[in-house]
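**Q** Need a 3D model of the sequence below.
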Amino acid sequence: MSSIDRALARCAVVAEGALGADARRAGDAALYLAHVEAAAPIRRLAEAAGKPVSSVHRAVRRMEAMRDDPLFDAALDAMGEAARAHLSERSISDDGDAQVTAAVPDPSSRAAEAARRVLQRLAEPDSFLLVAQGADRAGVFSRKNRFRRPLSLISVAAAVDFAARDWVRCVSRTAASAKYAITPVGRAYLRRAGVEAEDPADDAPSPFAAQHRAPGVRLVAREDGSIAPIKVNLGESPLGWLARRKGADGAPFLTPEEVEAGERLREDYEAAQMGPRVAQDWDNFLAPLGRSARPSAPAEGPAAARERLARAVADLGPGLADAALRACCFLEGLEATERRMGWSARSGKVVLKIALQRLALHYGLATPPSSAESTLCCVAQ
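**A** I've put the predicted structure just below:
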């Protein structure tokens, strides 16, 4: 192993310990540290990393651009100090390998709980983290108290850890202070931490899977005719994701009747067993000789559900039926549907809403509009 390989490996461990699970940023930081602290040429780094020279050059430039963020600049300074210590002769053992430790250790349970409280404050509407130049503490300000005083205080070192893990990002700065907002990565960590705190059992669902759930309640009819609420995951389908979105006027983008129409279409699709088989059908293979084999078709299933589904698709027509089937039945994302159908960006949700309006009329969940103008106004919201 050459000196460049050893330096890159040591810097990679330092970057991974400081930046958490973000593999791309950790890789960029490792290349940057090896180039700056170990004075490794970019061409030699590209050979050691097995990447093109242009890719390594862009990675170094990305890290340099991120140094405009005061907190991330402090995080890079800490990583550079740790990298210099590991690159020195004192950090090399007899066999030539470096005894490397993480630059920023994983937070303890108490520190993790404090981080979760701060992120919960930052997740509130119009909340931000303010870091003043030269201060040893940063404050979280919120609209709750009209930004008069900080609702939470954390040390600047903890704020640096937040920026290193991409939980917060600088949104504005002046010569005296910088303002930070929570990132999608920070919100995802907050959801995972909440799941682990609520159900720490061994058989609990994975926090990484639970962070993508959108818990909600649906009303279903029992066998005796009564209505009972059940807990569901609204984020398991594009329809559930879109049902939680609101328009410019603050009203839900989809009405309850449109959501129910989409769920009915999916129920008929599941009941009809229209999906393609993903495993071998052994019934025909194991049938005794001389007995006529039952033909296997992708449309096997209850005939009544297939008929209801066929009538709904025929009523929708081409285009609208594609949007409804892909979003409600195939659980395909709206962006993927737009690419497959050749539609313009962000037009899929409008087409899906029109399809759900037609489905609501088909199932008798809504009444026909009095005029075309009302329909256009409903779609434009």
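
**Q** who's in contact with the closest residue in space to A135 that isn't next to it in sequence?
**A** Distances taken as CB to CB, 6 or more residues apart in numbering put V156 closest to A135, at 6.8 Å, once the chain neighbours are dropped. All C-beta spots, glycine's among them, are computed from the backbone N, C-alpha and C. When contacts are counted by CB atoms under 8 Å, 6 or more residues apart in numbering, V156 touches L71, A74, V131, A135, D136, R137, A138.

**Q** buried subset of these?
**A** Listed as buried from the contacts of V156 are L71, A74, V131, A138; burial here means 16 or more other CB atoms under 10 Å.

**Q** Which of these fall in strands?
**A** Among these, DSSP state E puts V131, A138 in strands.

**Q** confidence score at the closest residue to L254 other than its chain neighbours?
**A** Distances taken as CB to CB, 6+ apart place A243 nearest to L254, at 5.0 Å, with adjacent residues excluded. A243 is assigned a predicted lDDT (pLDDT) of 77.

**Q** coming back round to it: which of the contacts of V156 lies closest to G342?
**A** Of all the contacts of V156, G342 sits closest to L71, with 43.4 Å by CB to CB.

**Q** I'd like the distance between the closest one and A78.
**A** Computed as CB to CB, to the nearest Å, the L71 to A78 distance reads 11 Å.

**Q** Can you check which residues contact both of the two?
**A** What both L71 and A78 touch, as defined by CB under 8 Å, 6+ apart, is the set V160.

**Q** E338 contacts G348, correct?
**A** Yes. Counting by CB atoms under 8 Å, E338 touches G348, with 4.6 Å between them.

**Q** So which of the two has more stuff around it?
**A** A side-by-side neighbour count of E338 and G348, using other CB atoms under 10 Å, places G348 first with 25 against 18.

**Q** for that one, what are its contacts?
**A** By CB under 8 Å, 6+ apart, G348 lies in contact with A323, A327, L334, E335, T337, E338, M341.

**Q** Kindly recompute the last result at 6 Å.
**A** The contact partners of G348, by CB atoms under 6 Å, 6 or more residues apart in numbering, come to L334, T337, E338.

**Q** try A157
**A** If a contact means CB under 6 Å, 6+ apart, then A157 has no contacts.

**Q** Assign it to one of the three secondary structure states.
**A** With DSSP: H, G, I helix; E, B strand; the rest coil as the basis, A157 sits in helix.

**Q** mind checking pLDDT for it?
**A** For A157, the model assigns a pLDDT of 90.

**Q** circling back: considering the contacts of V156, which is situated nearest to R44?
**A** Checking those against R44 with CB to CB, the nearest one is A74 at 28.5 Å.

**Q** For L129, see how far away the closest one is.
**A** Here the criterion is CB to CB. By it, A74 lies 14 Å from L129.

**Q** and what of R311?
**A** 55 Å.

**Q** what does E332 give?
**A** 37 Å.

**Q** quick one, which of those two is more surrounded?
**A** With neighbours defined as other CB under 10 Å, E332 and L129 compare such that L129 has more, 29 against 18.

**Q** looking at the sheet around the more buried one, what are its partners?
**A** Beta-bridge partners for L129, by DSSP bridges, are V140, Y180.

**Q** Does it touch V140 like I think?
**A** Yes. Counting by CB atoms under 6 Å, L129 touches V140, with 5.5 Å between them.

**Q** Now do the same contact list for A360.
**A** Residues counted as contacts of A360 (CB under 6 Å, 6+ apart) are E257, E258, A261, A366.

**Q** Secondary structure for those - can I get that in CSV?
**A** Compiled in CSV, the contacts of A360 are given as follows (three-state DSSP):
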residue, secondary structure
E257, helix
E258, helix
A261, helix
A366, coil
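
**Q** Please identify the one among those residues that lies nearest to I4.
**A** For the contacts of A360, the nearest to I4 is E258 (59.6 Å; CB to CB).

**Q** okay, now that closest one: neighbour count?
**A** Burial of E258 is recorded as 26 neighbouring residues (other CB under 10 Å).

**Q** Quick check, it in contact with R358.
**A** No. Here E258 does not reach R358: they are 9.7 Å apart, not a contact under CB under 6 Å.

**Q** Checking my notes, C170 in a strand, right?
**A** Yes. The assignment for C170 is a strand, going by three-state DSSP.

**Q** V313 versus the residue nearest to it when sequence neighbours are not counted, what's the distance?
**A** The shortest distance from C170 to any non-neighbouring residue, by CB to CB, 6+ apart, is to D69 (4.5 Å). Distance of D69 to V313, given as CB to CB: 51 Å.

**Q** Then D166?
**A** Applying CB to CB to D166 and V313 gives a distance of 44 Å.

**Q** ok so, going back, between E258 and R358, what contacts are shared?
**A** Joint contacts of E258 and R358 (CB under 6 Å, 6+ apart) do not exist.

**Q** What are the neighbouring residues in contact with L129?
**A** A138, V140, V168, Y180.

**Q** Including distance to R62 and pLDDT, could the buried ones among the contacts of V156 go into a markdown table?
**A** Rendered in a markdown table, the data for the buried ones among the contacts of V156 read as follows (distance: CB to CB, whole Å; pLDDT from 0 to 100):
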| residue | distance to R62 | pLDDT |
| --- | --- | --- |
| L71 | 17 | 92 |
| A74 | 18 | 92 |
| V131 | 22 | 93 |
| A138 | 25 | 92 |
